[in-house]
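Give me a model of this one.
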Amino acid sequence: MSENRKYYFLKLKDTFFENDSIVLLQALPDGYLYTDLLLKLYLKSLKNNGKLQVNENFPYTPEVIAKLTGHKVELVESALKIFQGLGLVEPCADGTLYMTDIELMVGKSSGEADRKREARSKNKELESEKE
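The predicted structure follows:
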């Protein structure tokens, strides 16, 4: 029996690390830890349309983020302030944090879609070989 689960992925432009916000972020003390945390937060927010929340009633707190990402609470708290200052994260009215550029980075697929895509690719290769 085939498994057809949906999965999400993060698409980064090849210029991601050249973005002014990321360059400034990495220039700070602990900047590379901030970048690591930012990428982890992007990944954590994929299934919730950019919102950092365990479920509808439970937004991520700095303590939860620290536990889930393996960073210290102090680093998470300072990083969130910096992310907000750079416009990378916005607080929502309900206390949830929203990753602002996530719509530009999200890809969604399923096992069945991947199989179809691969089959089409193989068919195109076979057609081009016949010509």
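
so residue 9 sits in a helix?
No. Residue 9 is assigned strand when assessed by DSSP: H, G, I helix; E, B strand; the rest coil, not a helix.

That one: neighbour count?
Applying other Cβ atoms under 10 Å, we find 11 residues neighbouring residue 9. Using the backbone N, CA and C atoms, a C-beta is placed for each residue, glycine as well.

Run through the bridge partners of it.
Here residue 9 shows beta-bridge partners residue 107, assigned using DSSP bridges.

Next one: it from residue 105, what distance?
Taking Cβ to Cβ, to the nearest Å as the criterion, residue 9 is separated from residue 105 by 9 Å.

just residue 60 next, same as before
Taking Cβ to Cβ, one finds residue 60 at 18 Å from residue 105.

neighbour-wise, which of these two wins?
Summary of the neighbour comparison: residue 60 and residue 105, criterion other Cβ under 10 Å, with residue 60 having more neighbours (24 against 18).

Per-residue pLDDT of the more buried one, please?
Turning to residue 60, the model gives it a pLDDT of 87.

nearest residue to it other than its sequence neighbours?
For residue 60, the nearest residue in space outside its immediate sequence neighbours is residue 52; the separation is 4.2 Å by Cβ to Cβ, 6 or more residues apart in numbering.

cool, and residue 32?
For residue 32, the spatially nearest residue (Cβ to Cβ, 6+ apart) is residue 26, at 5.9 Å.

would the one you found count as being in a helix?
Yes. The assignment for residue 26 by three-state DSSP puts it in a helix.

so it makes contact with residue 37?
No. The criterion here is Cβ atoms under 8 Å, and residue 26 misses it with residue 37 at 12.0 Å.

Can you pick out the residue with more neighbours from these two?
For residue 26 and residue 37, the more surrounded residue by other Cβ under 10 Å is residue 37, and the numbers stand at 23 against 14.

Convert the helix or strand hosting the more buried one to PDB, retaining C-alpha atoms only.
Here residue 37 sits within helix 31-45, counting by DSSP states H and E. Output for helix 31-45, consisting of C-alpha atoms alone and laid out as PDB, is shown next (Å, rounded to 0.1, in the frame of the first residue of the first chain):
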ATOM      1  CA  GLY A  31      24.600  36.100  14.400                       C
ATOM      2  CA  TYR A  32      25.100  32.600  13.000                       C
ATOM      3  CA  LEU A  33      23.000  31.200  15.900                       C
ATOM      4  CA  TYR A  34      20.300  33.700  15.100                       C
ATOM      5  CA  THR A  35      20.300  32.600  11.500                       C
ATOM      6  CA  ASP A  36      20.100  29.000  12.600                       C
ATOM      7  CA  LEU A  37      17.200  29.800  14.800                       C
ATOM      8  CA  LEU A  38      15.500  31.800  12.000                       C
ATOM      9  CA  LEU A  39      15.700  28.800   9.600                       C
ATOM     10  CA  LYS A  40      14.400  26.500  12.300                       C
ATOM     11  CA  LEU A  41      11.400  28.800  13.000                       C
ATOM     12  CA  TYR A  42      10.600  29.000   9.200                       C
ATOM     13  CA  LEU A  43      10.500  25.200   9.200                       C
ATOM     14  CA  LYS A  44       8.400  25.000  12.400                       C
ATOM     15  CA  SER A  45       5.900  27.500  10.800                       C
END
